[in-house]
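In: Fold the following, please.
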Amino acid sequence: MCWVYRSVGWRRFSSQKQQYRDAIEKLIADFRASGPIETRQRKYRSVLLGHGWCTEVHRLAEATLHLVDHGLAHEALILLRTMFETTVSLHWLSQKGDAGALGVFAEGGRVNRAAANDMQTAFNVPQDLIDQINSEAVEKTDESEVFRRFQAQCDEIDPRRQLYTVYRYLCGYAHPSSASAFAYIQEAGADSDPSGNQPEVWLRLMVRLWCATCPTGSDNKEPPGR
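Out: Next up, the predicted model:
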């Protein structure tokens, strides 16, 4: 009987894994088929930013599948963290529109100025380069302050903190931490993948990433057999 239960459980696991894989590949194929931005839409800053971020998420999804296929599920988690962050920011931008896009550019200007000051202190940087960066107008806005802090973006979308909780969990694998170290520490004689144990978990996270927050390419439904 134990063998029967294990056999049924493995078939269910394999079926779910394939369903999530099929869902991801369909999302990637649909995005490829969508084509470039319409010319009339290129004048909108939020559309250009959104298209760039959406493209990044789908390209990283393809790379993540390649990593999982080669037994590198832990390394795939690092990309998954970037996908998660970008998708949340994409959803936030879709709600804020042009004001959000201006906030993104304003925060970019602030970061450039801070980097210029650091470079001037640490390296012998040409003064004309520093002056050029500092001469760019930087206007702080409500949206730029929100975009500056990822937790604030998450809270505007999801006050229950579910999104930020997942983000912090994934950061444990993307940054140097005990989790990232122990992912590569195996017991003596172990022959398992150092990345972990269940590729289905990573595939499920990828699908939920799109279905929960991405404003395009999803009907907000998970594959059956959850």
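In: Now the residue positioned nearest the centre of the chain: phi and psi?
Out: For the chain, residue 83 is the residue whose C-alpha lies nearest the centre (C-alpha atoms, centre = their mean; 1.5 Å). Dihedral pair for residue 83: phi -60, psi -40, per degrees, to the nearest 10.
In: what does residue 141 give?
Out: phi -130, psi 170.
In: Which stretches in the chain count as strands?
Out: Taking DSSP state E, the chain contains no strands at all.
In: Can you find the helix or strand of it with the lowest average pLDDT?
Out: Here the helix or strand of the chain ranked lowest by mean pLDDT, DSSP states H and E is helix 199-213, holding a mean of 58.
In: Correct me if wrong: the residue nearest to the centre of the chain contacts residue 58.
Out: No. Between residue 83 and residue 58 there is no contact under C-beta atoms under 8 Å: 9.1 Å. Glycine gets a C-beta too; all of them are placed from N, C-alpha and C.
In: average pLDDT for stretch 20-30?
Out: Mean pLDDT, stretch 20-30: 90.
In: With stretch 73-82 instead?
Out: Mean predicted lDDT for stretch 73-82 stands at 91.
In: Please export the alpha-carbon coordinates of it; PDB is fine.
Out: Provided in PDB are the C-alpha atoms of stretch 73-82 (Å, rounded to 0.1, in the frame of the first residue of the first chain):
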ATOM      1  CA  ALA A  73      17.000  25.400  -9.600                       C
ATOM      2  CA  HIS A  74      18.700  27.400  -6.800                       C
ATOM      3  CA  GLU A  75      20.400  29.600  -9.400                       C
ATOM      4  CA  ALA A  76      17.000  30.000 -11.100                       C
ATOM      5  CA  LEU A  77      15.600  31.400  -7.800                       C
ATOM      6  CA  ILE A  78      18.000  34.300  -8.000                       C
ATOM      7  CA  LEU A  79      16.500  35.200 -11.400                       C
ATOM      8  CA  LEU A  80      13.100  34.600 -10.000                       C
ATOM      9  CA  ARG A  81      13.600  37.200  -7.400                       C
ATOM     10  CA  THR A  82      14.400  39.800 -10.100                       C
END
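In: And that stretch, what's buried?
Out: Of the residues in stretch 73-82, 73-81 count as buried by neighbour count, 16 or more other C-beta atoms under 10 Å.
In: how near is the residue nearest to the centre of the chain to residue 97?
Out: Using C-beta to C-beta, to the nearest Å, we find residue 83 at a distance of 23 Å from residue 97.
In: Now stretch 172-188: average pLDDT?
Out: 79.
In: meant to ask about stretch 134-145
Out: Averaged over stretch 134-145, pLDDT sits at 87.
In: Next, the distance between the ends of that stretch.
Out: Distance between the boundary residues of stretch 134-145 (C-alpha to C-alpha, to the nearest Å) amounts to 19 Å.
In: Report the buried residues of that stretch.
Out: 138, 143-144.
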